[in-house]
Structure formats: C-alpha cells, structure tokens
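**Q** Sharing a model that was predicted from the sequence below.
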Amino acid sequence: MNPLLPIALTDVTPSQETAVPHRPNILVVMADQFRAASLGVVGEDPVHTPHLDALAESGRVMRQAVSGYPVCSPHRAMFLTGMRPYVNGVTLNVNSESAQDGVGLRDDLPTWASALRQSGWRTGYIGKWHLEAPVDDDERFGEGRRDDGKVWDAWSPPHRRFGFDYWYSYGAADRHLAPHYWTTDAGREDRVDVDQWSAEHEIDVAIDFVRDAGDEPYALMVSLNPPHQPFDQVPDRYRAHYADLDPRALLNRPNVPHRTPIADEAAVIARDYFAAITGVDEQVGRLASAVAEQNTTRPTVILFTSDHGMQLGSHGLMYKNVPFEESMRLPLIVHAPDLVPAGECHTVLDSLDFAPTILGLAGVDARDERMVGRDRSGVLRGAAEVPATDDDDATVYTRYASRSDPGSVRGLRTRTAKVVATWHPASGLRVQFFDLAADPYEMDDSPQHPRAAGLIGRLRDELERAGDEWEGAAALAGMLSPLT
C-alpha cells in the first residue's frame with residue numbers, strides 16, 4: 001500500500017433508478033499534449049509505444065477523435081461535462097489572469113463522474129486537474145508565480161471536485177521530476193511533495209486504487225502531465241530510442257519546414273517529447289497489467305486519450321490551440337474485451353462527446369439537458385458507424401479571444417474537410433478551407449473550393465443552433481450571400 005494514498009473512499013448508495021447489472025469499472029487515462037500521430041499503432045511519428053500498441057490491437061481505436069478546443073482547460077471542461085465552453089465557464093486556459101475575467105469551471109455542474117457516483121460507482125481523480133481558478137493563497141502554497149507573471153497551480157476545495165470523492169491531484173504545475181499533490185482531506189497548506197517522475201508516481205497511486213477497489217465498481221481518471229513541457233524533465237532511460245534519429249526522421253510530416261529555426265528547435269524538443277511518450281506508454285502498460293491481474297468478473301473499460309496534440313514544427317508552429325490536425329486529433333483507445341469489440345472506428349468523436357459516451361459505456365442514463373455531446377457508445381460497441389456524409393459526423397472548432405490575442409476562431413471539421421473562420425477586430429474575417437481527403441497535411445488552403453460554401457453554411461447553422469454569440473458570426477453570414 002502506498003503510504004501517500006489518501007484515506008478510504010466515501011461509500012455511495014446506488015440509485016435504484018440508474019443502477020444497472022454488471023456495472024463495468026471505468027478507467028480513464030489522459031496524457032497531456034499527446035498527439036494522435038504519436039500513437040504508434042496508428043500514427044506516423046517514430047515512437048516506441050509497445051504497451052499502447054498492444055492495448056489498441058485488442059481494443060477499439062477511434063481514428064477520428066478530435067479536440068474541439070485543443071488547449072488544456074477548455075477541453076477538460078468539455079470532457080467532464082459534455083457542455084459547451086460558454087455554458088461550463090471555461091472559455092480559456094485557467095490561470096490567475098483569466099480568472100479575473102470569470103474563467104473557471106462553474107460551481108455544481110454535473111459531470112460523468114457525479115452521475116456515476118450517484119449510481120453507485122466509487123470515484124477518484126489522480127494527477128493534473130487545471131480547472132480551478134487560482135486565488136491569492138495558491139501562489140504561496142502551490143507551484144508559485146511563473147515567468148509569465150501568472151499563477152497556474154491551485155488547490156481544489158472538496159466541494160469543487162465535481163463528483164470525484166477520492167482525490168490525489170494538483171492544479172497545473174510543470175515539475176515532472178518533483179511533483180506535488182493534495183490528497184482527499186488535505187487543506188491548501190498540506191500538500192505532499194514527491195521525488196519521482198510524476199507519471200510513474202501517479203500510476204503507482206492508481207494501481208493501489210485499483211487493487212483496493214475489490215469487486216465494487218469504480219470510476220477513476222488518471223491525468224498524466226507528460227509529454228507536456230518542460231520536455232527535458234523525462235527520465236534518461238526513455239531517451240535511447242531516439243538518440244540516433246536525424247531531424248527528418250524525427251519530424252517526418254511533410255508540412256514541417258526543415259532547415260528553419262522552428263524546425264531546428266522542434267527536432268531538439270522531439271527527442272524528449274517522444275521519450276516522454278515512451279515513458280507514458282510503459283506506465284499505462286503497468287496499469288493495464290494491474291487491471292488484468294484483478295480477481296473479479298466485473299469488466300473494466302480502459303479509455304486512453306489526451307486533451308490535445310501539438311504542432312512540433314508542422315506549419316512552422318510549436319505548440320497547440322490552433323485548428324490544424326496535429327493539435328486537434330487525439331489518440332483514443334477504448335479497451336473492454338467483454339463490451340467493446342476490437343477494431344477501428346472512423347466516426348467523429350469530439351471533446352463534448354466523451355461525457356455522454358462514458359455514461360453510455362457504463363449503462364447509465366443520467367444526462368443533464370446541458371450535456372449536448374453525442375453518445376458514441378453504441379458505435380464503440382459495434383453498431384453501424386455514422387456515415388461520413390451525415391451532418392452528425394462533424395465537430396466544431398472553438399477558440400475565444402483573450403487579453404493577449406483579440407482574435408477568435410470558429411471552424412467545422414468533418415472526416416474529409418475543414419473550414420476555419422478567424423475573426424479579428426482590426427482585420428475582419430478570414431476563411432480557410434482544407435480538403436482533408438486529398439490534402440491530409442493541410443498544405444493547400446483553398447477557400448474557393450467547390451465544397452467550401454456548403455461547409456461554411458453548416459458552420460453558420462451550427463453556431464446558430466448552439467446559441468454561440470461569436471463576434472464573427474455576422475461577417476460569416478454576410479460572406480454566404482454571394483456564395484449561395
């Protein structure tokens with residue numbers, strides 16, 4: 001037993017209306033900034049991920065999993081609630097600056113965790129949270145103030161854990177080799193400091209949670225910070241796989257402009273980024289083995305994913321929060337041999353869809369009316385996929401304006417095409433179109449493409465249906481008049 005593990009979980013009485021027989025365990029593992037191209041069995045990056053590959057080969061791989069807002073806090077808020085950013089309150093990354101504008105997960109919102117807890121599951125959260133708006137004391141007791149002048153890390157009080165009873169977590173701290181945590185009953189001043197790589201330590205804690213669960217159903221989310229920056233904070237043992245690769249082998253996507261400063265920097269980062277991914281792979285393998293060793297007849301759904309990807313030099317960019325595939329596409333493996341057949345699935349699943357889909361996999365019908373995401377559990381279980389031509393097989397891309405960037409973006413992505421509309425108060429509206437089937441690396445921006453007008457119209461209709469009061473909506477609607 002890990003001596004740092006918090007006290008026993010709170011007992012929960014199952015709801016007689018929502019309890020279902022043979023309730024599966026739900027185990028969600030989210031790695032921060034892990035792009036789909038780095039999932040070895042389906043991606044192109046030169047990564048070594050044998051454990052995830054094995055999980056994928058015996059599980060179901062969603063090839064069209066997408067982050068509709070590819071940056072940490074907004075995706076996580078949608079992931080937990082199934083609610084749009086303007087509803088859940090997380091329209092930007094949560095830090096001390098954005099908190100001044102009221103950004104933060106709103107009190108008392110239902111989540112898939114609270115629904116499962118009410119239905120009899122034991123719930124737990126381990127690792128990075130990044131949904132709590134910092135207060136003044138968080139600078140003192142958390143990570144501190146960063147060089148950008150902002151406080152990112154924050155303690156979450158018990159009433160703001162959104163359905164998770166067991167707690168071994170922190171807000172947003174980038175010290176992978178010296179992490180800290182707040183346990184279930186710890187106050188803000190009572191953090192636990194650890195001398196261990198964060199991903200390894202959090203999997204240790206998760207394995208203890210799984211072993212202590214017995215035969216009662218549990219719902220556990222493990223949120224690993226690697227492979228997020230700082231990239232050099234990764235154990236040396238994972239670097240050997242990438243030491244001898246040259247820049248073009250490391251960055252093999254054709255949209256990377258080699259022999260430029262950004263590509264040179266990306267090549268240096270890529271060695272450590274891929275090393276961290278190999279480390280995450282090893283830790284997920286340990287956790288999956290612990291699940292397999294449990295003496296229980298209860299099935300366990302293992303869902304591995306991330307919150308967003310990263311550019312890593314593609315299109316001359318390094319990080320995320322842009323509407324390119326390197327940032328938007330997510331790895332998603334759903335492993336549940338008794339419930340989910342192995343194979344690949346090509347139906348689109350986005351940030352909003354995770355919450356209702358997790359509830360669907362658990363067999364719980366407890367949707368709040370604000371949870372607007374789509375339940376893809378039927379498709380995961382082997383039902384017919386949504387046709388690529390169906391309006392339901394699309395996702396909306398979102399980026400809100402911030403203090404540092406007054407521009408805002410909305411987009412619509414289907415399996416085969418993407419339209420991106422960028423509004424800037426000074427320069428007005430810019431629209432881009434990419435044919436993802438013919439141009440998967442988005443190297444040809446063709447706003448006059450014959451399909452562009454139809455997708456622009458679908459984007460306008462979706463924004464109206466969602467009640468999204470985007471600043472560029474009027475200009476987008478005006479653009480459609482000469483096109484239709």
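**A** Done, it's in. Numbering: from 1, shown residues only.

**Q** Only C-alpha atoms from now on, for both contacts and neighbour counts.
**A** Fine.

**Q** contacts for stretch 283-297?
**A** With contact meaning CA atoms under 8 Å, 6 or more residues apart in numbering, stretch 283-297 is reached by 29, 51-52, 199-200, 203, 206-207, 210-211, 214-215, 300, 302.

**Q** Please check those residues and keep the buried ones.
**A** Buried subset of the contacts of stretch 283-297 (neighbour count, 16 or more other CA atoms under 10 Å): 29, 51-52, 199-200, 203, 206-207, 210, 300, 302.

**Q** Sort out for me which of those residues are in strands.
**A** 29, 300, 302 (DSSP state E).

**Q** Tabulate those (JSON lines), appending pLDDT and distance to residue 276.
**A** Converted to JSON lines, these look like this (pLDDT from 0 to 100; distance: CA to CA, whole Å):
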{"residue": "29", "pLDDT": "98", "distance to residue 276": "15"}
{"residue": "300", "pLDDT": "96", "distance to residue 276": "26"}
{"residue": "302", "pLDDT": "98", "distance to residue 276": "21"}
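
**Q** between those, which is closest to residue 469?
**A** Closest approach between these and residue 469, by CA to CA: residue 29, at 33.4 Å.

**Q** For residue 176, see how far away the closest one is.
**A** 17 Å (CA to CA, to the nearest Å).

**Q** Format the buried ones among the contacts of stretch 283-297 as a markdown table; extra columns: distance to residue 164.
**A** What follows is the buried ones among the contacts of stretch 283-297, written out as a markdown table (distance: CA to CA, whole Å):
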| residue | distance to residue 164 |
| --- | --- |
| 29 | 15 |
| 51 | 28 |
| 52 | 26 |
| 199 | 20 |
| 200 | 22 |
| 203 | 17 |
| 206 | 14 |
| 207 | 17 |
| 210 | 15 |
| 300 | 18 |
| 302 | 18 |
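
**Q** Number of residues surrounding the residue nearest to residue 331 when sequence neighbours are not counted?
**A** Nearest-residue entry for residue 331: residue 36, 4.3 Å, with adjacent residues in sequence omitted and distances by CA to CA, 6 or more residues apart in numbering. By the criterion of other CA atoms under 10 Å, residue 36 has 28 neighbours.

**Q** Same question for residue 110.
**A** 21.

**Q** And residue 467, by the same measure?
**A** 10.

**Q** Same question for residue 171.
**A** Neighbours around residue 171, by other CA under 10 Å: 26.

**Q** May I have the phi/psi pair for it?
**A** Main-chain dihedrals, residue 171, degrees, to the nearest 10: phi -80, psi -80.

**Q** wait, doesn't it sit right on residue 154?
**A** Yes: if you go by CA atoms under 8 Å, residue 171 and residue 154 touch, sitting 4.6 Å apart.

**Q** shared neighbours of these two, anything?
**A** By CA under 8 Å, 6+ apart, the residues touching both residue 171 and residue 154 are 130, 132.

**Q** separation between residue 95 and residue 124?
**A** 24 Å.

**Q** next one: residue 196
**A** Taken as CA to CA, the span from residue 196 to residue 124 is 21 Å.

**Q** if you count what's nearby, which of these two comes out ahead?
**A** The neighbour count for residue 196 versus residue 124, taken as other CA under 10 Å, is higher for residue 124 (25 against 15).

**Q** what is residue 183 paired to in the beta sheet?
**A** When bridges are called by DSSP bridges, residue 183 pairs up with residue 168.

**Q** Pull up the per-residue confidence for it.
**A** Note for residue 183: predicted pLDDT of 98.

**Q** go on, residue 40?
**A** Looking at residue 40, the pLDDT reads 86.

**Q** again with the one 5 residues further on
**A** Here, the pLDDT recorded for residue 45 equals 97.

**Q** Check whether it sits in a helix, strand or coil.
**A** Three-state assignment for residue 45 (DSSP: H, G, I helix; E, B strand; the rest coil): coil.

**Q** What of residue 126?
**A** strand.

**Q** That one: neighbour count?
**A** Residue 126, neighbours per other CA under 10 Å, totals 25.

**Q** Isn't it up against residue 165?
**A** No: the pair residue 126 / residue 165 is not scored as a contact, 10.9 Å apart, by CA under 8 Å.

**Q** Where do the helices of the stretch 101-250 of the chain begin and end?
**A** Assignment of helices within the stretch 101-250 of the chain using DSSP state H, counting those that start in this stretch yields the ranges 112-118, 136-141, 198-212, 247-250.

**Q** could those be laid out in a markdown table, adding mean pLDDT?
**A** Conversion of the helices of the stretch 101-250 of the chain to a markdown table gives the following (pLDDT from 0 to 100):
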| stretch | mean pLDDT |
| --- | --- |
| helix 112-118 | 97 |
| helix 136-141 | 96 |
| helix 198-212 | 97 |
| helix 247-250 | 96 |
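
**Q** quick one: contacts of the helix or strand encompassing residue 456?
**A** Using DSSP states H and E, residue 456 falls within helix 452-466. Applying CA under 8 Å, 6+ apart, the set of residues contacting helix 452-466 from outside is 396, 411-412, 418-419, 433, 469-470, 473, 476-477, 480, 483-484.
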